[in-house]
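In: Would you be able to build a 3D model of this:
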Amino acid sequence: QVDILTDRLRKIAVDSDDAAVIEAATKALADATEAFAAERMNASIRKALAGKKLESI
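Out: Take a look at the predicted model:
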């Protein structure tokens, strides 16, 4: 689904001058990748904080 939305956004960005259409396609892609991005950030934070004490942060 992300690949499809990425390709769609790319095509719309090239073919359309309608800002609302481009914005809608951008939002659709952002919505589709939000959970993945959140999980990546959480994993990075867990890794960075592993073994650290709250007082040292």
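In: make it CA atoms for all contacts and neighbour counts henceforth
Out: OK.
In: buried sites along stretch 3-17?
Out: Within stretch 3-17, the residues scored as buried using 16 or more other Cα atoms under 10 Å are 5-6, 9, 12-13.
In: just those now: which is nearest residue 25?
Out: residue 9 (5.5 Å; Cα to Cα).
In: Identify the residues contacting that closest one.
Out: 22, 25-26, 29 (Cα atoms under 8 Å, 6 or more residues apart in numbering).
In: Pipe the buried residues of stretch 3-17 into CSV and attach pLDDT, secondary structure and distance to residue 35 per row.
Out: What follows is the buried residues of stretch 3-17, written out as CSV (pLDDT from 0 to 100; DSSP: H, G, I helix; E, B strand; the rest coil; distance: Cα to Cα, whole Å):
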residue, pLDDT, secondary structure, distance to residue 35
5, 96, helix, 15
6, 97, helix, 16
9, 97, helix, 19
12, 97, helix, 24
13, 95, helix, 24
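In: quick one, what contacts the residue nearest in space to the middle of the chain?
Out: Centroid check for the chain by Cα atoms, centre = their mean gives residue 33 as the closest residue, at 4.3 Å. Residues near residue 33 by Cα under 8 Å, 6+ apart: residue 2.
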